[in-house]
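S.K.: quick check, what structure comes out for this input:
(one chain, ligands or ions: 1)
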Amino acid sequence: MAGGVILAQLALNAAEIRHIDASSMQALQRAEDAGRATVDALRRAEASPFEMCSEGDLTILRNITYANSYVADLGRIEQGVVRCTALWGKLDRVTRLPEPHYRPRGGFSVWSHQEVLQTHYQSNLVALNHSLAIASPSTFDLNRFYQDVSLRITNGSGTHTYAERAGLRYNPSGAIELLPAIDITECSPDMGLCAQATAHLHWFALAHPLSFFALMAGSFLLGALAYLLYLRLRRNQGVLEKLREGIANDEIVLLYQPIVCVRDLSLKGYEALARWRPADEPEIGPDIFVPLAAQNRLSTALAKVVLARALREMQDLLQADPALMLAVNTEVADIEDTDFIEFALDLTAATPGLRPQLHLEVTERADIRSATFTQNIELLRKAGFAIWIDDFGTGSANLSHLSYAQFDGIKIDRLFTSALSTGSPLRSVVPNLLRLATELELKVVIEGIETEEQLQLIRSIAPQIHAQGWLFSKAMELSEVLQQREPYTLEEFGLAA
Ligand SMILES: Nc1nc2c(ncn2[C@@H]2O[C@@H]3COP(=O)(O)O[C@H]4[C@@H](O)[C@H](n5cnc6c(=O)[nH]c(N)nc65)O[C@@H]4COP(=O)(O)O[C@H]3[C@H]2O)c(=O)[nH]1
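M.R.: Here you go, the predicted model:
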């Protein structure tokens, strides 16, 4: 904010200095014009062939005066006495001129009009031999220049002032004069004239109060925005650091949601769903921390702890029932990461027989298609893992995926499941996806079964597929899974065998 005000102040003062300089240049130009015109009028008057103050002479003086806007009157002087003027004619009263105030080069004499005639206005008398020019008060016309600048027209040495005018101020009260007055003088040596312009520099805040307050408000807003941005970055960095520590310190726990066969509702496996339980803080859902990890190169670290924990917690169940599967979520970036592939192979090196029971579900959060992805899918499948495409049919996981690599199955997103029993235009998507899966020999799990009606519909279309959803169970704590509840029955859900 202070920087903005200082810049505005500097800009204002630079503009003011240019303005003062321009004022003195303009005033000097006017003074030169007036000087030349006066000299010209006097020389022409001197050239009059008529007797001094005769009718002919007065006519000549009048004609010169009419044609010259800088000269108010032209007269004749003899031995220091004014004899006549074009305006007044022959003078009865003797008007004796005092000693000239100033004698410029070329035989001229200059008086201040006020000194000679005690007029209230400011002007000059200039004489050359027998001729006298009475300048008009507007000869130097200083009032036509910027009103805020003080102007003074002088002779070259500054001893005679031809005209002067005080400048108005932006800040007439003049309460604050901490800033200096700037004085710029321009001279014309040929004419023996100088123009001096003076003005005080102004405080931006007083000269432009509205702009000042707008600048203050703008700077304040910018500052506040920058501060908020800083806080946000710091908070994000804080959360990220916490997540990094949370992954390392086993704060990522897993819940398990059952997956059943649609035909007879027999239990086919579980999907491991991660939760972040930071110490002394409320649980955080995967919708928040999974994308955060994905955006900050923590995805693989997360995938590793999830896979390791899932295997550690479910190994006994899997070994007890080789038909039971365990789905674990991964990102495309994890599959592309050699570190994760090696980790998965090492982790299961002692129990390779469990690999076909481990279903790695791949979710794509960014559009990444690489040769590494395809190669690693092949590698994992060769090693025995099953690879599934998660959220199939949604924007990020679609048909084009199937061309990258060979997959074992697709998970149909719950978006389409909820459309099944409504008048939604998406209603036909599930039957179409099922046809496609059959053609491509892909296994299918349909997600998000919430109602008996949806289960019934699915059973009528594709009894061979598997399903998961809140109708059967929400994601459960490991302790519940290990209690191994009674198998689901068709009757339980109002279905006939
Ligand atoms: N409304 C409704 N929802 C149902 C129903 N049945 C299951 N769900 C929820 O749908 C999500 C299914 O998981 P997903 O599609 O893999 O979607 C997952 C997955 O993409 C991601 N995720 C979860 N755990 C992990 C993980 O360990 N690693 C990675 N990379 N992603 C994970 O977070 C997403 C959300 O997981 P959750 O919040 O646990 O949400 C789970 C589950 O609780 C239902 O009948 N109705």
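S.K.: who's in contact with residue 109?
M.R.: Neighbouring residues of residue 109 by Cβ atoms under 8 Å, 6 or more residues apart in numbering: 100, 102, 103, 126, 127, 128. Quick note: C-beta positions are derived from backbone N, CA and C, even for glycine.
S.K.: and with 6 Å instead?
M.R.: Residue 109 sits next to 100, 103, 127 when contact means Cβ atoms under 6 Å, 6 or more residues apart in numbering.
S.K.: columns pLDDT, secondary structure and distance to the ligand on top of those residues, output as a markdown table?
M.R.: Below are those laid out as a markdown table (pLDDT from 0 to 100; DSSP: H, G, I helix; E, B strand; the rest coil; distance: Cβ to the nearest ligand atom, whole Å):
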| residue | pLDDT | secondary structure | distance to the ligand |
| --- | --- | --- | --- |
| 100 | 90 | coil | 102 |
| 103 | 91 | coil | 101 |
| 127 | 95 | strand | 104 |
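S.K.: can you select the buried ones among those for me in PyMOL?
M.R.: Those of the contacts of residue 109 that count as buried under 16 or more other Cβ atoms under 10 Å are selected in PyMOL with:
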select buried, resi 100+127
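S.K.: of the contacts of residue 109, which is the nearest to residue 226?
M.R.: Of all the contacts of residue 109, residue 226 sits closest to residue 103, with 68.4 Å by Cβ to Cβ.
S.K.: quickly find the element holding the residue nearest to that closest one when sequence neighbours are not counted.
M.R.: Residue nearest to residue 103 in three dimensions, not counting chain neighbours: residue 109, with 5.4 Å by Cβ to Cβ, 6 or more residues apart in numbering. Element membership of residue 109 [criterion: DSSP states H and E] is strand 108-112.
S.K.: please apply the same query to residue 72.
M.R.: Element membership of residue 72, judged by DSSP H and E, is strand 71-78.
S.K.: hang on, residue 445 is in a helix, isn't it?
M.R.: No. The assignment for residue 445 by DSSP: H, G, I helix; E, B strand; the rest coil gives strand, which leaves it out of any helix.
S.K.: so that it lines up with my notes, have the first residue be 25 from now on.
M.R.: Taking 25 as the first residue, the last one we looked at is residue 469.
S.K.: would you agree it is in contact with residue 490?
M.R.: Yes. Judged on Cβ atoms under 6 Å, residue 469 makes contact with residue 490 at a distance of 4.5 Å.
S.K.: avg pLDDT for stretch 232-246?
M.R.: What stretch 232-246 shows for mean pLDDT is 77.
S.K.: picking that back up, mutual contacts of residue 469 and residue 490, please.
M.R.: Here residue 469 and residue 490 have residue 283 as joint contacts, going by Cβ under 6 Å, 6+ apart.
S.K.: chain center to the lengthiest helix in the chain, what's the gap?
M.R.: Assignment by DSSP state H gives helix 26-70 as the longest helix of the chain. From the chain centre to the centre of helix 26-70 is a distance of 41 Å (Cα atoms, centre = their mean, to the nearest Å).
S.K.: residues contacting the helix or strand just after that helix, please?
M.R.: Once the chain leaves helix 26-70, the next helix or strand it forms, by DSSP H and E, is helix 79-91. Outside helix 79-91, the residues within contact range by Cβ under 6 Å, 6+ apart are 65, 68, 69, 72, 74, 95, 98, 110.
S.K.: now the second one: how far from the ligand?
M.R.: Taking Cβ to the nearest ligand atom, to the nearest Å as the measure, residue 68 falls 102 Å from the ligand.
S.K.: in the stretch 325-474 of the chain, which spans are helices?
M.R.: 356-360, 362-371, 395-407, 438-444, 453-463 (DSSP state H, counting those that start in this stretch).
S.K.: with only the CA atoms kept, save the shortest one in CSV.
M.R.: The C-alpha coordinates for helix 356-360 follow below in CSV (Å, rounded to 0.1, in the frame of the first residue of the first chain):
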residue,chain,number,x,y,z
VAL,A,356,-3.8,-44.6,-13.2
ALA,A,357,-0.7,-42.8,-11.9
ASP,A,358,-0.1,-45.7,-9.4
ILE,A,359,-0.2,-48.2,-12.2
GLU,A,360,2.3,-46.1,-14.2
